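Novice: compute the structure for the input listed below.
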Amino acid sequence: MDDKFNLIEKNLLKNIADIEKIPMGAYNIRENGKSIGRNTTANIDIVSKKDKPGIDIIIKSNTKNESVHIPVILTKAGFNDIVYNDFYVGENADVVIVAGCGIHNNYCETAEHDGIHTFHLSKGAKVKYIEKHYGEGNGSGDKILNPQTIVYLDNGSTLEMETVQINGISSTIRETKGNLGINSNLLISERIMTSENQFAKTIFNIDLNGENSSVSVASRSVAKGNSKQEFISNINGNNKCFGHVECDAIIMDTAKVVSTPKVTANNINANLTHEAAIGKIAGEQLIKLMSLGLSEKEAEQQIINGFLK
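Specialist: The predicted model follows:
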């Protein structure tokens, strides 16, 4: 990593964006409310907003095999950061966007980041979006993340979202809204870990407006300690479409998980399904791994790692 970053910053960037050196291509690195590094390319521009905090990421039509990194890190105590990022993806572009937020808090004050990301995908565009959240530090202050993702998919476009909450986040409300056009596809993979007294709430509100549009939501989570998780999904089939929601959770200790998947068919040709499963780690799984020489805790961790992979 470039010498401009200290060890704390390097560790946060590695955990949330797999960055161990200045990334190739377009990037914007934000720390404590300010951009500390930016690069653009011939096909990808990054412009600061003039009316509110945030950036516009403008990707030209037919851009292929390029990436954009826009990680955010917080290292200041008592800091509440809010940012509005808009992605404008041109027709038939095919790119990867890596976001994520890491908080280091060694103090008694709360550190919070609220990121509002809006995606505008033009016809035939394809985007893979990766977002990781991570918290660390020995202070008693909360580490709060409230991401909001708003998606507009034009005809024939595809957005694949991979979102991960690694651990260490005191409280989070994660909301995703989608408006899908003809033959568009939204694929969402969510992984969440909570422990101690942490709280996580996930809300999906997706409107399948275009003919042959589709959405697939797969959420897996592990709740430990005295933590609490809520999963809410509202999938509205307003045309001939397909939608599937899957929510699986492992519950441990005195944790609590509430799952409310909801599908609404407003068209006779809407095909919508949902399923939810919540339970503890199966005893036979533990016994099998412990017979190989693992301790109970090691066996539990191996099962969890495989579940959240």
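Novice: for the top helix by length along the chain, name the packing helices and strands.
Specialist: If you go by DSSP state H, the chain has its longest helix at helix 296-308. Judged by 3 or more Cβ pairs under 8 Å, 6 or more residues apart in numbering; DSSP states H and E, helix 296-308 is in contact with strand 185-194, strand 213-223, strand 241-251, helix 283-290. All C-beta atoms are positioned from the backbone trio N, CA, C, and that covers glycine.
Novice: contacts for it next, please.
Specialist: Where contact means Cβ atoms under 8 Å, 6 or more residues apart in numbering, the residues beyond helix 296-308 that reach it are 191, 193, 220-222, 248, 250, 252, 281, 285-286, 289-290, 294.
Novice: quick one: the one helix or strand in the chain whose mean pLDDT sits lowest to helix 296-308, angle?
Specialist: Ranked by mean pLDDT, DSSP states H and E, the weakest helix or strand in the chain is helix 283-290, scoring a mean of 85. Calculated by axes from the mean of the first three to the mean of the last three Cα atoms, to 10 degrees, helix 283-290 forms an angle of 110 degrees with helix 296-308.
Novice: which residues does Glu175 contact?
Specialist: Shown in contact with Glu175 (Cβ under 8 Å, 6+ apart): 147-149, 202-205.
Novice: among those residues, which ones are in strands?
Specialist: Using DSSP state E to define strands, the subset of the contacts of Glu175 located there is 148-149, 202-205.
Novice: ok, how many other residues are close to Asn62?
Specialist: The number of residues packed around Asn62, counting by other Cβ atoms under 10 Å, is 13.
Novice: identify the residue spatially nearest to Glu275, adjacent ones excluded.
Specialist: Taking Cβ to Cβ, 6 or more residues apart in numbering as the measure, Glu275 lies nearest to Glu246, with 5.4 Å between them; neighbours along the chain are not counted.
Novice: contacts only, for that neighbour.
Specialist: Taking Cβ under 8 Å, 6+ apart as the contact definition, Glu246 lies against 217-219, 274-276.
Novice: can you check Ala265 too?
Specialist: Applying Cβ under 8 Å, 6+ apart to Ala265 gives the contacts 237, 272.
Novice: any idea how far Glu136 is from Leu74?
Specialist: According to Cβ to Cβ, to the nearest Å, Leu74 and Glu136 sit 11 Å apart.
Novice: over to Asn197?
Specialist: Taking Cβ to Cβ as the measure, Asn197 falls 17 Å from Glu136.
Novice: make TSV out of the helices and strands packed on helix 296-308 and add distance to Asp142.
Specialist: What follows is these, written out as TSV (distance: least, Cβ to Cβ, whole Å):
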stretch	distance to Asp142
strand 185-194	13
strand 213-223	18
strand 241-251	23
helix 283-290	33
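Novice: by mean pLDDT, show me the worst of those.
Specialist: Per-stretch mean pLDDT for the helices and strands packed on helix 296-308 is lowest at helix 283-290 (a mean of 85).
Novice: and the contacts of that helix?
Specialist: Counting by Cβ under 8 Å, 6+ apart, the neighbours of helix 283-290 from elsewhere in the structure are 296, 298-300, 302-303.
Novice: hang on, Ala17 packs against Ser67?
Specialist: No - under the criterion of Cβ atoms under 8 Å, Ala17 lies out of contact with Ser67, with a separation of 10.6 Å.
Novice: which non-adjacent residue is nearest Ser213?
Specialist: Nearest one to Ser213, counting by Cβ to Cβ, 6+ apart, is Leu180 at 4.0 Å.
Novice: contact partners for Lys76?
Specialist: Taking Cβ under 8 Å, 6+ apart as the criterion, Lys76 is in contact with 32, 111.
Novice: hang on, it is in a strand, isn't it?
Specialist: No - inclusion of Lys76 in a strand is not indicated when DSSP: H, G, I helix; E, B strand; the rest coil is applied; the result is coil.
Novice: gap between it and Ser291?
Specialist: With the distance defined as Cβ to Cβ, Lys76 ends up 49 Å from Ser291.
Novice: likewise for Ile203?
Specialist: With the distance defined as Cβ to Cβ, Ile203 ends up 41 Å from Ser291.
Novice: of the two, who's got more company?
Specialist: Using other Cβ under 10 Å, the more surrounded residue of Ile203 and Ser291 is Ile203, with 16 against 9.
Novice: counting neighbours, what do you get for Glu146?
Specialist: One correction, residue 146 is Asn, not Glu. Other residues near Asn146 number 16, with proximity taken as other Cβ under 10 Å.
Novice: is it in contact with His117, as I believe?
Specialist: No - counting by Cβ under 8 Å, Asn146 does not reach His117; the two are 11.9 Å apart.
Novice: perfect, that will be all.
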